[in-house]
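Novice: Generate coordinates for the sequence data below:
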Amino acid sequence: MRLSVKLFVGCVLLVGCSKSVGLERVIVSGKVTYQGQPVNQGSIRFVPVQGSKGPASAATIEHGTYEVKASGGVPIGTHRVEIQATRPTGEPKPDHLNYLDNVKEPVGQYLPPKYNTNSELTLNVETGRRMNYDFKLD
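Specialist: Numbering: from 1, shown residues only. I've put the predicted structure just below:
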């Protein structure tokens, strides 16, 4: 009886994950600059547009570079690209958090909405093992 339950659960997990696992993915990496300067810290997100399959994929941007490799990368297809870039605001840490060493000074997102919440950026990810694409934002 216990073996039957384990087999059933294993099959359900295998079938439930097969759609996501079966997607062809590509590791996408590159550089991100804004007004000619590397984006020091932030995030990049690839959201499938109509006609493309799969979940959104994301990575951090550090020192102007990113690499989306989690879960095998970005699913092939066309994606809307959302880029967030943060930097210190210059404001002091709130008094009630001063005792916490792991809380850094406040940071704020500084890219225009056309690169994130109202993104006009797209990328067509094609079949292959790797893809390099740089985003030069003005």
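Novice: CA atoms for contacts and neighbours, from now on please.
Specialist: Fine.
Novice: Low-confidence ranges, the chain, go.
Specialist: For the chain, the stretches flagged by pLDDT under 70 are 1-21, 98-99, 101-104.
Novice: ok, the residue nearest to residue 26 when sequence neighbours are not counted - contacts?
Specialist: Among residues not flanking residue 26 along the chain, residue 73 sits closest, at 4.8 Å (C-alpha to C-alpha, 6 or more residues apart in numbering). Going by C-alpha atoms under 8 Å, 6 or more residues apart in numbering, residue 73 touches 25-28, 57.
Novice: For residue 49, state which of those is nearest.
Specialist: Comparing the contacts of residue 73 against residue 49 with C-alpha to C-alpha places residue 57 closest, at 12.4 Å.
Novice: what about that closest one, neighbour count?
Specialist: 20 (other C-alpha atoms under 10 Å).
Novice: beta partners of it?
Specialist: Beta-bridge partners recorded for residue 57 (DSSP bridges): residue 46.
Novice: Does it touch residue 74 like I think?
Specialist: Yes: between residue 57 and residue 74 a contact is recorded at 5.7 Å, counting by C-alpha atoms under 8 Å.
Novice: Mind listing the shared neighbours of these two?
Specialist: Taking C-alpha under 8 Å, 6+ apart as the contact rule, residue 57 and residue 74 both touch 46, 68.
Novice: May I ask you to name the longest strand in this protein?
Specialist: The longest strand of the chain (DSSP state E) is strand 77-88.
Novice: List the buried residues in that strand.
Specialist: 77-86 (16 or more other C-alpha atoms under 10 Å).
Novice: tell me what it is packed against?
Specialist: Contact analysis of strand 77-88 by 3 or more C-alpha pairs under 8 Å, 6 or more residues apart in numbering; DSSP states H and E lists strand 41-48, strand 107-109, strand 121-125 as its packing neighbours.
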